[in-house]
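Chemist: A structural model of the following input is requested.
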Amino acid sequence: MSRAVQLHILAVDDDPAMRKLVADYLRENGLQVTAVATGAEMAQAFAEHAVDLVMLDLRLVGEDGMQLARTLRAESAVPIIIVTGKQDEADRVMGLELGADDYVMKPFSPRELLARIRAVLRRYQTAREVLPPRSDKRRAYRFAGWELNLGTRRLTSPGGDRLELTHGEFNLLQAFCAAPQRVLTREQLLDLSRLHGAEVYDRSVDVQVLRLRRKIEPDPARPQYIRTERGAGYVFSVTVEVLS
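Modeler: Just a heads-up that it's a prediction; the model follows:
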């Protein structure tokens, strides 16, 4: 419980009223908040604080919010929630493609924002529990003749053919390869498959598992690799080799 109080949110918005509204509400709900108006102030806040999540308005006056998001993702693995207007669908899509984890549209309720922040932070907590640390120099995983390259995000079949994976399918297979012979719950797999905005609209882990089985299992109707543990989740029942 003490850790929750220490979680630090960095809110970047050039609207003073919005900064105050967000900061006051999040602080009332046990979060530490730094609210700034510019990209320069955002960089300074990062230099001075350990930030757990960034809320970034893409429509900052005189600045390219998309470029700020791009730079932020290139330099840090911190979770990002982007803020857009209702008509800015292209910005939302581009922001998610750049690696943002979620978005909210103005006008939004502080309660909705808090729920999204908690959901994103929970996903990252799940990743810390299941996936290897980012300092781990894993290049690829190999199982049953298949190879999953983490750098290029490519899956190669035993016959040498490349199979296309969605972002969600890739994250799901990466989670399985990182924790072979371990039961992963549906909630854990959902969190992992939705990292960095992947498959934001698809909440069914079972559907993604089914799609993945169709791509990698010798007989998808009788899965040998991704096996169902009734009442618990799924387990990757195959030997995995880590390539570094």
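
Chemist: what distance do you get for the residue of the chain most remote from its centre to residue 217?
Modeler: Ranked by distance from the centre of the chain (CA atoms, centre = their mean), the top residue is residue 159, with 31.2 Å. Shown here: residue 159 relative to residue 217, a distance of 15 Å by CB to CB, to the nearest Å. Where C-beta positions appear, they are placed from N, C-alpha and C, glycine not excepted.

Chemist: one more: residue 57?
Modeler: Distance from residue 57 to residue 217, by CB to CB: 44 Å.

Chemist: residue 45 now?
Modeler: 47 Å.

Chemist: next: residue 24.
Modeler: Relative to residue 217, residue 24 is positioned 52 Å away (CB to CB).

Chemist: and if you look at residue 61?
Modeler: Separation of residue 61 from residue 217 (CB to CB): 53 Å.

Chemist: quick one, which of these two is more surrounded?
Modeler: Shown here are residue 61 and residue 217; by other CB atoms under 10 Å, residue 217 has more neighbours (15 against 9).

Chemist: tell me where the chain has strands.
Modeler: Using DSSP state E, the strands of the chain run over 8-12, 32-36, 53-57, 80-85, 102-106, 140-143, 146-149, 154-156, 162-163, 183-184, 226-229, 233-236, 241-243.

Chemist: turn the ones you listed into a markdown table, columns for distance to residue 204.
Modeler: Supplementary listing: the strands of the chain in a markdown table, determined by distance: least, CB to CB, whole Å:
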| stretch | distance to residue 204 |
| --- | --- |
| strand 8-12 | 30 |
| strand 32-36 | 34 |
| strand 53-57 | 26 |
| strand 80-85 | 23 |
| strand 102-106 | 18 |
| strand 140-143 | 24 |
| strand 146-149 | 22 |
| strand 154-156 | 21 |
| strand 162-163 | 21 |
| strand 183-184 | 15 |
| strand 226-229 | 14 |
| strand 233-236 | 13 |
| strand 241-243 | 29 |
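
Chemist: any chance of the ones you listed in TSV, plus distance to residue 170, mean neighbour count and mean pLDDT?
Modeler: Supplementary listing: the strands of the chain in TSV, determined by distance: least, CB to CB, whole Å; neighbours: other CB atoms under 10 Å; pLDDT from 0 to 100:
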stretch	distance to residue 170	mean neighbour count	mean pLDDT
strand 8-12	28	23	96
strand 32-36	33	19	95
strand 53-57	23	24	94
strand 80-85	19	23	90
strand 102-106	18	19	88
strand 140-143	11	18	94
strand 146-149	8	18	95
strand 154-156	8	18	94
strand 162-163	10	12	94
strand 183-184	16	18	90
strand 226-229	14	14	93
strand 233-236	14	20	93
strand 241-243	16	13	91
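
Chemist: out of these, which is closest to residue 130?
Modeler: For the strands of the chain, proximity to residue 130 was assessed by CB to CB; strand 183-184 is nearest, at 6.8 Å.
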